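Undergrad: coordinates only, sequence not included:
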C-alpha cells in the first residue's frame, strides 16, 4: 500500500517534468497553425488542447521519452489541434462550400490545360479575388494536413511498438515518399515539418503567395500519403 501511494506522486512528478520539457512543442504547433484558424480560435485554447495531447502521448508512449518522442508528439499535438478545429466546424459552411468549388474547378482547369494553372488563371476562372482564393485553399489544406498527420502518427506509433527493424522500415518508407516529390514540394515539406514554419512564413521564404504554398503543400501531401498507404 505504501509503495503504491509513493509511486503515484513519483509518476505525477515525472509527468510534470516531461510536460515542462516538451511544452515548447505545443507552443510551436499552436504558432504554426494559428494562421489557419482565421482568428476564430484563440492561440491559448490551441495550447491547452496541445498540452492535453502531449500528456496523452507521454502516458501512451510508456517509459522514459527517447529521441523519437519529440517527432511523434509533435504530430499528435498538431493533429489534436486540427481535429478540434474540424469538430468546432470553425469554417463557415459557405467557406467550406467555396473550398470544394475551388477544388473541383482547379481539377477541371488542370485537365483542360494539361498543367498546373497559374493563380491568375484560377482566380479568373473561379471569379475570386486573392483573399477569397487564399481562404478556400487554406480550408482544403487544413483537411489534407490533418489526414496526413494522422497517417504518419499512427505509423510512428505502430513502429514504436515493434522491433528496431520495423522502425527503420517506417523511416525508409517516409524517405521513399519524399523522393516522390519534386524539388519545390520537398522544400515546402521540409520548411513546414522540419523547420516548423507556418504557411505564411514559407511563402515569404520562397517568395511565393500563401495560396501557391497551399497548393504545393497539398499536392506534396497527397503524393506522400499515396506512397505510405501503398507501402
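TA: Done, it's in. What you see is a predicted model; the values in this text were computed from it and never measured.

Undergrad: thought residue 28 was touching residue 195?
TA: No - using CB atoms under 8 Å, residue 28 makes no contact with residue 195, being 10.3 Å away. No exception for glycine: its C-beta is placed from N, CA and C like everyone else's.

Undergrad: Show me which of these two is the more surrounded one.
TA: Between residue 28 and residue 195, residue 28 has the larger neighbour count (other CB atoms under 10 Å), namely 15 against 10.

Undergrad: contacting residues around that one?
TA: Residue 28 is in contact with 74, 196, counting by CB atoms under 8 Å, 6 or more residues apart in numbering.

Undergrad: What helix or strand is it located in?
TA: Here residue 28, judged by DSSP states H and E, is contained in helix 2-34.

Undergrad: cool, residue 184 as well?
TA: Following DSSP H and E, one finds residue 184 within helix 183-189.

Undergrad: That helix - contacts with which helices or strands?
TA: helix 199-206, helix 210-230 (3 or more CB pairs under 8 Å, 6 or more residues apart in numbering; DSSP states H and E).

Undergrad: repeat that with 10 Å
TA: Identification of packing neighbours for helix 183-189 by 3 or more CB pairs under 10 Å, 6 or more residues apart in numbering; DSSP states H and E yields helix 164-179, helix 199-206, helix 210-230.

Undergrad: Give me the buried positions along that helix.
TA: The neighbour-count check on helix 183-189 (16 or more other CB atoms under 10 Å) flags 185, 187-189 as buried.

Undergrad: Where is pLDDT lowest across these?
TA: Note: of the buried residues of helix 183-189, the lowest pLDDT belongs to residue 189, at 88.

Undergrad: Name the nearest residue to that residue, sequence neighbours excluded.
TA: The shortest distance from residue 189 to any non-neighbouring residue, by CB to CB, 6 or more residues apart in numbering, is to residue 220 (5.2 Å).

Undergrad: my read: that neighbour touches residue 179, true?
TA: No - Residue 220 lies out of contact with residue 179 (CB atoms under 10 Å); the separation is 11.9 Å.

Undergrad: Much appreciated, bye for now.
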